[in-house]
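Colleague: Sharing a model that was predicted from the sequence below.
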Amino acid sequence: MSSSVSLDTHAPRPPAATLQRWQRLCGDQALVCLHLFAHSSQVLIYAQPHGSDAPVALQLPLGLDLLAQQVFGNRMPNEAQLEHGIMLVEDTIMPVATQIPAHSMLLLNDRLLHAVGRSALGRAQAHTHSVRREAVETLFNLLVMQAMHPQVPIHDVPQTPQAAAALLILREVLHHWQLESVLLDDQPSG
């Protein structure tokens, strides 16, 4: 995996109805959308989510399948694999941190990230659209406990390598981009 981030000049702008829905969710805050693909990830940064400006679109050389297959061996990760994954994700996302506007809102409309966000909320809070960083951290800590004791799967942890990779990426993004919470779009894409 390469560690270079590139500007994505061909990123499509979401339909106006989608942008309006996002504006209702985030108000006047800058908006960051993260999309995970098999071999790369895309970050869309809307400094003015309801304005006419096109987003800054960045392509990250970190793909969901690459992390799940090459680092996790297409299984739930053990401790060493999780630590290796953390280092790779940090190396990829850290350069982007300087481009994230202060007090931005991370919006999850990627289906897998949305599902991971819902898992972090738990059943008791299924009605809410906002997930605090602490809830994601709690779910990640359960993944770490499971990695330390792989013979005992933890029910609350999504049990696929792709979901584990998505959780790892989400946790690192929230931490290193200094985001306090994420919004869940009720109409996830992809």
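Modeller: Received, thanks.

Colleague: what about the helices in the chain?
Modeller: Assigned by DSSP state H, the helices in the chain fall at 16-26, 64-65, 79-93, 111-121, 133-148, 161-176.

Colleague: Could you point out which of these sits nearest residue 155?
Modeller: helix 133-148 (9.1 Å; CB to CB). Quick note: C-beta positions are derived from backbone N, CA and C, even for glycine.

Colleague: Tell me which other helices or strands that closest one touches.
Modeller: Helix 133-148 sits against helix 79-93, helix 111-121, helix 161-176, strand 181-189, with contacts defined as 3 or more CB pairs under 8 Å, 6 or more residues apart in numbering; DSSP states H and E.

Colleague: where are the low-confidence patches of this structure?
Modeller: Low-confidence segments of the chain, defined by pLDDT under 70, are located at 1-3, 5-27, 48-53, 123-128, 153, 186-190.

Colleague: show me what contacts the residue of the chain most remote from its centre?
Modeller: The outermost residue of the chain relative to its centre, with distances by CA atoms, centre = their mean, is residue 151 at 27.0 Å. For residue 151, the contact set (CB atoms under 8 Å, 6 or more residues apart in numbering) is empty.

Colleague: Geometrically speaking, which residue is the centre of the protein?
Modeller: residue 170 (3.5 Å).

Colleague: Verify the stated contact: it with residue 179.
Modeller: No. Residue 170 is beyond contact range of residue 179, at 9.9 Å (criterion: CB atoms under 8 Å).

Colleague: And stretch 177-186, what's buried?
Modeller: 177, 179, 181-185 (16 or more other CB atoms under 10 Å).

Colleague: Revised request: answer the last question for stretch 63-81.
Modeller: By neighbour count on 16+ other CB under 10 Å, the buried set for stretch 63-81 is 63-64, 66-69, 71-72, 76-78, 81.
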